[in-house]
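1. I need the structure of the sequence given here:
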Amino acid sequence: LVGLGVQGTILRFAPIGANSVLSCVRHKATDSQSSQWVGLTNDQDFFKKNEQMKRPLSPHLTIYRWPLAAVLSVFHRGTGAALTMGVAASAMALAFGGHTFPELIGFIKSLNIPAPVLFSAKFIVALPFTYHATNGIRHLVWDTLPSQLTNERVFKSSLVVLSVASVAAAGTCFL
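-> The predicted structure follows:
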């Protein structure tokens, strides 16, 4: 199938694969190119064709530096999922495990874990809670004050969230 595009370009459509999905390739309509097919035919594979033409694979994610807000967004979703599973598992363990919470705390104290190791373990457990809570507050602020959604303010609020969450988690470890 051939169609005429805007400003002298030719659109060529060809079925790809068993699903007969159409692929559209646009190029300049010159006499030398109008007879040359540049898309994939039914018997071609995208990766094999690029290998034959010695085209490099695009590095996409390996050269892309994620913005801090994007990393924190992924971390927020991850902490939410982890907290949901962790709280549910803890509740089931306490409900059906046959031990009370004070007994578990007594067991941990009886292990005589060195203070730096215990502090680190508490911090690792507390940080998802404090981060998810502070980032949730930031999202509530964004919902009520959309004017705060500028690139500069999002970056600064990301640093504030990380700082507050870290200090709150460290403070929680002293309890």
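2. low-confidence stretches in the protein?
-> Low-confidence segments of the chain (pLDDT under 70): 1-43, 61.
3. that one: helices as residue ranges?
-> 31-34, 46-52, 68-96, 101-110, 115-144, 151-173 (DSSP state H).
4. how close does Phe107 sit to Thr100?
-> 11 Å (CB to CB, to the nearest Å). Backbone N, C-alpha and C define where each C-beta goes, glycine included.
5. before we move on, back to that, between the helices of the chain, which gets nearest to Thr62?
-> In terms of CB to CB, the element of those nearest to Thr62 is helix 68-96, at 15.9 Å.
6. re earlier: including distance to His60 and mean neighbour count, could the helices of the chain go into JSON lines?
-> Formatted as JSON lines, those follow (distance: least, CB to CB, whole Å; neighbours: other CB atoms under 10 Å):
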{"stretch": "helix 31-34", "distance to His60": "28", "mean neighbour count": "9"}
{"stretch": "helix 46-52", "distance to His60": "14", "mean neighbour count": "11"}
{"stretch": "helix 68-96", "distance to His60": "15", "mean neighbour count": "13"}
{"stretch": "helix 101-110", "distance to His60": "45", "mean neighbour count": "10"}
{"stretch": "helix 115-144", "distance to His60": "27", "mean neighbour count": "15"}
{"stretch": "helix 151-173", "distance to His60": "23", "mean neighbour count": "15"}
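7. which one of these lies nearest to Ser58?
-> helix 46-52 (9.7 Å).
8. with just CA atoms, put the closest one into PDB.
-> Once non-C-alpha atoms are left out, helix 46-52 reads as follows in PDB (Å, rounded to 0.1, in the frame of the first residue of the first chain):
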ATOM      1  CA  PHE A  46      14.000  -6.000  13.100                       C
ATOM      2  CA  PHE A  47      17.100  -7.100  15.000                       C
ATOM      3  CA  LYS A  48      18.400  -9.300  12.100                       C
ATOM      4  CA  LYS A  49      18.000  -6.500   9.600                       C
ATOM      5  CA  ASN A  50      19.900  -4.100  11.900                       C
ATOM      6  CA  GLU A  51      22.700  -6.700  12.300                       C
ATOM      7  CA  GLN A  52      22.900  -7.100   8.500                       C
END
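9. any idea how far that helix is from the chain center?
-> Relative to its chain's centre, helix 46-52 lies at 29 Å (CA atoms, centre = their mean, to the nearest Å).
10. for it, name the packing helices and strands.
-> Packing partners of helix 46-52 (3 or more CB pairs under 8 Å, 6 or more residues apart in numbering; DSSP states H and E): none among the helices and strands.
11. how far away is the residue positioned nearest the centre of the chain from Val117?
-> For the chain, the residue nearest the mean C-alpha position is Val74 (4.1 Å; CA atoms, centre = their mean). According to CB to CB, Val74 and Val117 sit 28 Å apart.
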